[in-house]
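**Student:** next comes the sequence, and after it the predicted model I'd like to discuss.
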Amino acid sequence: MHEQFSINSADAPVISIKKLSPVWGGDRAKILSGGKVLSLTLDKTSGSGFESKREYLFGRIEMQIKLVAGNSAGSVTAYYLSSQGPCHDEIDFEFLGNLTGEPYTVHTNVYTQGKGGREQQFHLWFDPTKDFHMYSVVWNPQRIIFLVDDTPIRVYENQESIGVPFPKNQPMKLYSSLWNADQWATRGGSVKADWSKAPFTAYYRNFNANACLWSSGSSSCSSKTSSSTINNYWQTQGLDASGRRSLRWVQKYYMIYNYCTDYKRFPLGRPRECRLSKH
């Protein structure tokens with residue numbers, strides 16, 4: 001049921017963890033296992049983060065992550081694509097920590113032209129701290145698909161035809177950070193980080209960017225030579241019948257918040273994209 005979105009690993013170029021750069025937190029961001037694994041650590045003094053060395057304009061971006069184990073309350077492991085500037089675009093996964101034995105909250109959001117507020121949240125059908133799991137974003141001109149282990153959990157369609165902005169013009173880098181957000185992350189901030197359990201560490205491996213590289217104002221996908229080496233499946237990827245069944249399963253049993261059904265938040269009417277959305 002959850003294998004429809006697999007891309008043949010032989011076709012997808014595996015990009016080394018060395019294509020990522022630790023950018024803050026000092027030695028709290030470490031490259032391990034001969035460049036195969038990257039770890040981020042949070043302690044009471046600071047968190048840490050990394051970014052991709054390249055920018056992308058559309059692609060399938062994926063990475064395996066093993067989240068902070070044990071009592072992770074107050075911590076956020078952010079994993080997202082973002083452009084720069086006040087009118088930036090952004091595609092977010094954020095993993096909100098919790099008390100030992102309680103589920104992580106997977107927070108997703110889409111920013112366009114500097115405006116977000118399009119949150120959907122989920123729990124997972126497995127413990128994301130026990131092993132590595134794949135978290136992927138398919139971003140093409142038609143839609144954005146959020147996937148966990150190749151199972152779609154959310155689709156954000158391009159609805160520019162009805163005046164809804166869509167991220168399509170600004171190249172983005174991949175970023176990840178592990179940071180202290182105990183003022184809001186766990187139960188609205190009522191549960192604080194237990195620093196006696198620090199340091200908190202998340203692990204990353206198998207970064208794949210099957211994507212259009214952006215350089216000097218142009219995309220590699222405009223080059224016939226470059227595009228011929230790229231698996232093109234993601235460029236038009238959507239949901240077939242199996243994918244729609246998987247999405248409905250996730251949203252029925254594991255979705256815990258959807259801005260499109262938060263009527264108290266939008267007393268004057270839901271956002272335009274919610275009125276027509278099938279997802």
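**Tutor:** Cool, got the structure.
**Student:** show me where this structure dips below the pLDDT cut-off.
**Tutor:** 1-16, 223-231, 277-279 (pLDDT under 70).
**Student:** mind running it again at 50?
**Tutor:** Applying pLDDT under 50 to the chain flags the ranges 1-15, 225-229.
**Student:** biggest helix in it by residues?
**Tutor:** Of all the elements of type helix in the chain, the one with the most residues (DSSP state H) is helix 241-253.
**Student:** tell me which helix or strand comes right after that one.
**Tutor:** Along the chain past helix 241-253, the next helix or strand (assigned with DSSP states H and E) turns out to be strand 255-258.
**Student:** partners of that following strand in the sheet?
**Tutor:** Sheet pairing here is set by DSSP bridges, and for strand 255-258 it gives strand 120-122 (antiparallel).
**Student:** which element is encountered next along the chain beyond the strand it pairs with?
**Tutor:** On the C-terminal side of strand 120-122, the closest following helix or strand by DSSP H and E is strand 133-139.
**Student:** which residues does that following strand contact?
**Tutor:** 5, 56, 58-66, 79, 81, 91, 93, 126, 144-150, 167, 206, 234, 237 (CB atoms under 8 Å, 6 or more residues apart in numbering). All C-beta atoms are positioned from the backbone trio N, CA, C, and that covers glycine.
**Student:** and for stretch 116-125?
**Tutor:** Outside of stretch 116-125, the residues that reach it under the criterion CB under 8 Å, 6+ apart are 90, 92, 103-111, 148, 153-154, 156, 250, 253-259, 271, 273.
**Student:** can you give me the end-to-end span of it?
**Tutor:** End-to-end distance of stretch 116-125: 27 Å, with CA to CA, to the nearest Å as the criterion.
**Student:** for that stretch, buried residues please.
**Tutor:** Within stretch 116-125, the residues that qualify as buried by neighbour count (16 or more other CB atoms under 10 Å) are 118-124.
**Student:** okay, the residues you listed in TSV with distance to Arg28 next?
**Tutor:** Below are the buried residues of stretch 116-125 laid out as TSV (distance: CB to CB, whole Å):
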residue	distance to Arg28
Arg118	31
Glu119	28
Gln120	30
Gln121	27
Phe122	28
His123	28
Leu124	25
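**Student:** which of those residues lies closest to Lys173?
**Tutor:** Of all the buried residues of stretch 116-125, the one with the least separation from Lys173 (CB to CB) is Arg118, at 20.5 Å.
**Student:** for that closest one, which non-adjacent residue is closest in space?
**Tutor:** Spatial nearest neighbour of Arg118, chain neighbours left out: Val110 (4.7 Å); criterion: CB to CB, 6 or more residues apart in numbering.
**Student:** again with Ile144
**Tutor:** If you skip the residues right next to it in sequence, Ile144 has Tyr156 as its closest partner in space, 4.3 Å away by CB to CB, 6+ apart.
**Student:** ok, His107 - how many residues close by?
**Tutor:** Here the number of neighbours of His107 (other CB atoms under 10 Å) works out to 19.
**Student:** that one is in what secondary structure piece?
**Tutor:** His107 belongs to strand 105-111 when assigned by DSSP H and E.
**Student:** mind listing what's buried along the longest strand seen in the chain?
**Tutor:** Ranked by number of residues, the top strand in the chain under DSSP state E is strand 200-215. Neighbour-count burial for strand 200-215 flags 200-214 (criterion: 16+ other CB under 10 Å).
**Student:** likewise for stretch 188-204?
**Tutor:** Buried positions in stretch 188-204, judged by neighbour count with 16+ other CB under 10 Å: 191, 193-194, 198, 200-204.
**Student:** and of those, the nearest to Phe266?
**Tutor:** Phe266 has its nearest neighbour among these in Val191, at 28.0 Å by CB to CB.
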